[in-house]
Every structure is written in C-alpha cells, then in structure tokens.
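A.B. asks: just need the structure, nothing else, for what follows:
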Amino acid sequence: MTNGASERAEPFDGPSHFVRALWGFEVRVRALPRAAEEFSPRRPRFAGPNLWLPSSPLAGVPGSFSDYLFAACAHISAHLRFGAPRFEIKSLKPVGIALVSLLEDARVERLAIAHYPGLESLWAPYHRARPEGVKTSRALFARLARALHDDTYLDDDAWVIKGRQLFWEARNEWHDPSSCRRIGSALANDLGQMRLQFNAKDYAVEPAYRDDNSGLWHFESESAGNDPQLELEAVRRVEGDAAAAPQRQRGMPEAMPALAAGASERSAALRLATDVDTPPSARHPEWDYVIQRERPAFCSVFERPVAPEASTRLASMPARDTAAGKRLTRSALRLANRHPQRIRRLLDGDRLDLTATVATVVARQSGVQLDPRVYVRLRLRVEPPALLLLLDLSESLNATLSRAGVTLLELARDAATLLASSLAAIASDVAIHGFSSNGRHEVGYYRFKDFDDPYDEQTLARLAGMRAHLSTRLGAALRHAGQVLLERKARRKLLLVLTDGEPSDIDVHDPKYLLLDAKQATNGNHRSGLVSFCLGLDATAERSVARIFGAGNYLLLTQLEELPRKLAAVYLRLSA
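C.D. replies: Numbering: from 1, shown residues only. Below is the predicted model:
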C-alpha cells in the first residue's frame, strides 16, 4: 500500500476475502485516511461492514504488516458476527466507555475462538503486557486485555484478577453484550477508587490490532454516511464536544477527557497520592492466610502532614462540663501525682515507723498494752499508661446519623478532643493518630497529637483538620501504631482503636484476607507487650471485631451518640 492508496481509500482484497471465508459475509476494507493531528497511534476503525485499516505499519507492532492486517480484520469481523446494536453511552464516564469496550473486545474474540481455535494464535503475539512496571490506567488496561485472552497469563494485581474473575463468572452470558456493561461499570468504580488518572489524549486501545472502539458506540453528534472522511469529521466533533463540555460525558476512547474519579475540589484535596520521589515512612509485612506466611515489606506506610483548620468549635466544646470529662480530669490529676505515698501503722512493712516505735516503747515502760503496728510501707502511685488512640478515617466515617444530625467523623473528632483536653495533665503520655489507605502501596498515617506534644492551639487545629476518605487497611496501621507505641518508655502501653467496621481496601476482594491480617497484627502487638482494645462504631460487626481483638478486648456501641462518654469509660477502666 502506498500513501496514494491511503489518500484514495481504495479497498484491500486480501483481508475482505479472509472475512468472507470466515463468516460468509462481505466487508469493504479501505486504507485509513491520515489525520491532521493525532493524539495517539492510529488504530483500525469500522462502521457497519466498512473497515478502515492503517496504510503503513505501526511502530512497535511485532510480526509482518500482512499478519497485522489479517489480525485486525479477524477482530473487527468478530464484532460484526457476534456484536449487537451499538451501545448507548448514557451515564458512563470516559473510563467506563473504555473498559466496556475492552470487555466487548474480549467477549467477541472468545466467541470467535470457539468457532475457529486458530484465531487465538493469530492474536496472541500482539498481547505483550507484563505484570510489572509503573501502575497506570493504560498499563492495567493492557494487562487486563491479556488476562482475558491468555489463560496461562499470571498477574498479581488485584484489579486485573478481579476483572478476569468477573469475566469468567459471566461466561454463560457471553452471548449477551450487556454483561460487559455491568462488569465494566464495576471495574471503572474500582479504578476510580485507586485514584489512577485516565487521559484520553495518550490512550490507545491495546493490543494494536484491535479497533478504536468507535464502531461500538452511538454518539449523538456523529453524522450519517459511511464515507471515512465524514466519519472522521464526526469523530472530531465528538472530541470537541467532550473537551468543551465533559459533563455531557460524550466522546470515544481515543479522545475522551481526563476525568479524575469523583472529581471535586474537596476529594482532590483529600486525595492520597504517593510522590514517587518520597520514600515511605515504613514498610510492614502482611499476613496471607492462603499461603500461611507473612509477605515481608508488603505495605508502604506514608506519614502525611495534617492541614490545620480553625478550631473554634472544638475549643468551645464543653468537655470539662460533662460528667465524663470531669471523671477523666480527676483521673489524670491522680495519675499525674506520681510521688510515693507512705502507708503507716502496718503489722508488716519495709521499714519502721519512728513515731509508732517511740509510742510503743513508752507504752511498754508505762505498762500499757502495746500496739504492734509499727511498720511503714512506701507505695508508688499508679503510673499512667502510654495511650495511643488510633482512629479509622476511612470514607464510611462521613456517614450522617439521622437522629443526631452529625457525622461519625464529627463524633470521633469530638471524642478525641474530649480525651485530649481532659487528660491535659498527662498530655505527654497521650497520642492521637489516624489512618486511611488506597491499596497496599499507599497507607496514609496522620499524627494529630503525638507523645510529648502539649494540648494547645496547634493540637486543636490539627484535630479540627481531621478528614475521612479512602479505605481501611487495618493490619498495616496496627503494625505502624504498635511500632510507635513500643518506642515509648512506659511500664504500660495501651493501643485504643476506634473503627466503624471490617477492614477493606481497593486491591483486596477476599473478605477474610485483611481481617486475618489484622488479627495477626494484633497478636504481634500483644506478644510485644501492648494492650489492644477496640471501640466499634458498628454494632453488627461483632464477629469480625471479636476475631481481630479477642474476647473481652472490644466494646460495640449501640448508641453512637454516647461515643465520647464510652471512650472516657474505656480509658478509665484500662488505666486503673
């Protein structure tokens, strides 16, 4: 093929004969016209029985150009043979469109391979994705495409594993294209939680023999007719619509706008993103119950700074006017007084009581009955425990209590403030930390008040800046908090965990995995001498909380409004 043939869009006979031999219908294959501006390498395109293929080899594509053209024709003809009327975009976001298209590509290829098994070897050389490298949306799409095509391909990414699992679970529905929309929507939601950007300007369908998916979708702004120049012009108008008005959610996978999942100013501010130049604060192991061993240095914990906010409401909270606050204050004052106390007039002790001894000698000389209680003993007052309050700051804490009209986050923040303000006399022994996660590589850890920090305006401002977002990788947080607490010099060390439910994260889909890992982390802290106790905000989560912390080491709240008072009561009980 020459560039002149490309400009004239003349038909190619070989691939069209190949399609007729496969399925018995006619297609018209033409050279794909050049575009003035291309954001990504050109991919094949089809509209009904009209196919447009690149006029020259694409860079980086293996094998001969002739084999590439036959692979592309076989793929597009599978769409024509097993596809359905074009999908409606409706409420799908650009990343959802791309994922549904990817699944539809895999679906029609599986059905075609069932008729002609040799097609698998025709397409296989173009699937070259590897389970390694930087994790981007484009790389994950290519890895998922290979996982759905190659049964021998192994990938350790949870998102790819989930995509393959959902696809095969729906194998009885492969003759129904709507299954791709259902699975694609679920995977797009997970990808959004992973905070991976999807930029259409650098996105190209992989592998390269697959079409650009424009023939799978009905775009409202496209023009009628089968002429390739008209179709390309319609596509450009769609791209313009998408760039000018992304809220309309129109476009095609080749030129869809980059939309951050759940994009809003607040969520962007709260986004947990790891700077590649910043090493994690710590790497912790994680227990895998399937293989019955710990994976070393498996989770990366990043200690994030807390943005302070105005603390007017927290400062005015009448903590010391409540019964719980007063009890905590009295306990703190008692624990702060660590001077030894002399217990006098004992029958046994570690030294003589001089006053009682003199009185006994006088009594003997006077013939009066003796009082044998002449000993004294020094008793050290109870030392306060080093307390670390660990707050689960996952997205679910933003839920609002209908009765109280406040969120779980506000209750947790008020309870932490009550504890910190009431224990000001022993502030050096109290730390308040929090955590949330975005997969095993991004566990965020926040220090609102550290040991030896005074309870002052800066501490209040950090508490006021507390935010809830993302997920709950509890095991990694327990290990990190335990490590912090073990470095504290104290005779007693107490880890008090405030959480609203079972551990979960975006890269784990086995409900037992993170639960048993958290249990393993708690057991490890216990062996190191830490006392762990959980205050649960979900009364229905008793089974999981009991399994993680053990019988007698948790309290579930049935009335969430009582959180500040219950938190105070738990501390008083454990510090006695």
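
A.B. asks: correct me, but R462 touches V306?
C.D. replies: Yes. Using CB atoms under 8 Å, R462 is in contact with V306, at 4.6 Å. Every C-beta, even on glycine, is put in place using the N, C-alpha and C of the backbone.

A.B. asks: common neighbours of these two, please.
C.D. replies: Common contacts of R462 and V306 (CB atoms under 8 Å, 6 or more residues apart in numbering): F448.

A.B. asks: the more surrounded of these two?
C.D. replies: Using other CB atoms under 10 Å, the more surrounded residue of R462 and V306 is R462, with 22 against 17.

A.B. asks: check which helix or strand that one maps to.
C.D. replies: Here R462, judged by DSSP states H and E, is contained in helix 457-464.

A.B. asks: and that helix, what does it pack onto?
C.D. replies: In terms of contacts (3 or more CB pairs under 8 Å, 6 or more residues apart in numbering; DSSP states H and E), helix 457-464 is packed against helix 312-315, helix 408-422, strand 443-449.

A.B. asks: run the chain-centre distance for the helix or strand just after it.
C.D. replies: Sequence order places helix 474-486 as the next helix or strand after helix 457-464, per DSSP H and E. Remark: helix 474-486 is offset 18 Å from the chain centroid, using CA atoms, centre = their mean, to the nearest Å.

A.B. asks: quick check: buried residues in the helix holding R462?
C.D. replies: Neighbour-count burial for helix 457-464, with 16 or more other CB atoms under 10 Å as criterion, is recorded at 459-464.

A.B. asks: what about G60, neighbour count?
C.D. replies: Residues lying near G60 (other CB under 10 Å) number 8.

A.B. asks: check contacts around it.
C.D. replies: Contact analysis of G60 by CB under 8 Å, 6+ apart lists A208.

A.B. asks: how near is the nearest residue to R138 once chain neighbours are set aside to D212?
C.D. replies: Spatially, and ignoring its direct neighbours in sequence, R138 is nearest to Y203 (5.9 Å; CB to CB, 6 or more residues apart in numbering). Distance, Y203 to D212, by CB to CB, to the nearest Å: 10 Å.

A.B. asks: still on that earlier bit, from the buried residues of helix 457-464, which is closest to T152?
C.D. replies: Closest approach to T152 among the buried residues of helix 457-464 (CB to CB): R462, at 51.6 Å.

A.B. asks: who are the contact partners of that closest one?
C.D. replies: By CB under 8 Å, 6+ apart, the neighbours of R462 are 306, 308, 448-449.

A.B. asks: could I get these as TSV with distance to Y375?
C.D. replies: Output for these, formatted as TSV (distance: CB to CB, whole Å):
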residue	distance to Y375
V306	54
P308	55
F448	48
K449	44
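
A.B. asks: dump those residues to TSV, plus pLDDT and distance to R86.
C.D. replies: TSV is the format used below for the contacts of R462 (pLDDT from 0 to 100; distance: CB to CB, whole Å):
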residue	pLDDT	distance to R86
V306	88	49
P308	84	52
F448	94	53
K449	92	57
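
A.B. asks: now, the most widely separated pair of the residues you listed?
C.D. replies: Maximum pairwise distance in these, criterion CB to CB, is 12.1 Å, between P308 and K449.
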